[in-house]
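> all I have is the shape, not the residue letters:
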C-alpha cells in the first residue's frame, strides 16, 4: 500500500556544469520547475531520490533534495518554501545573470 505524502514533492539539484538550479522532469533535468515530475506518495519520492543519488554519482548534479510543492489548477508544481521559491527565481545578487536576465530579453 502506498503511503501518502503530506504535500506533493519535486526533486531539485544544481547542475554541476553551470551551477543552475534544475528540476527532475519526465525525461531528465529541466530548468523550468513547472515541468518537474511530481511525487505524490512515499514510493514515488523514494524513486526520485534514488535517481538523484545516481545522478550525483555520475557527476551531473549536486545538492539533490526533495521539496514540497503546491499544484496549480493546471497541475504545475510551485514550491511552497522560501528557499525553493528563491531558487526558482534565480540568483538574487546579479539581475543581469540567470533567469532574470533571460526574462528581461
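Right, received. Where do you want to start? Because the structure is predicted, anything quoted here is derived from the model rather than measured.

> from now on I want contacts and neighbour counts done on CA atoms only, so please keep to that.
Fine.

> which residues of this structure fall in helices?
Under the criterion DSSP state H, the chain contains helices at 42-57, 82-89, 98-104.

> do you know which of those lies nearest residue 26?
Minimum separation from residue 26 across the helices of the chain (CA to CA) falls at helix 42-57, 10.7 Å.

> isn't residue 11 right up against residue 49?
Yes: between residue 11 and residue 49 there is a contact under CA atoms under 8 Å: 7.2 Å.

> residues in contact with both of the two, list them for me.
Counting by CA atoms under 8 Å, 6 or more residues apart in numbering, the contacts common to residue 11 and residue 49 are 64, 65, 66.

> out of the residues you listed, who's the most crowded?
Neighbour counts for those (other CA atoms under 10 Å) peak at residue 64, which has 22 neighbours.

> that one reaches residue 11, doesn't it?
Yes: using CA under 8 Å, residue 64 is in contact with residue 11, at 6.9 Å.

> returning to what we had before: pick the most buried one from the helices of the chain.
helix 42-57 (a mean of 16; mean count of other CA atoms under 10 Å).

> now it: average pLDDT?
The pLDDT scores in helix 42-57 average 97.

> who's in contact with it?
2-5, 9-11, 13, 24, 39, 61-62, 64-66.

> how about a cut-off of 10 Å?
1-6, 8-16, 24, 28, 37-39, 58-67 (CA atoms under 10 Å, 6 or more residues apart in numbering).

> re the thing from before, which among the helices of the chain is found nearest to residue 33?
Across the helices of the chain, closest to residue 33 is helix 82-89 (CA to CA), at 6.9 Å.
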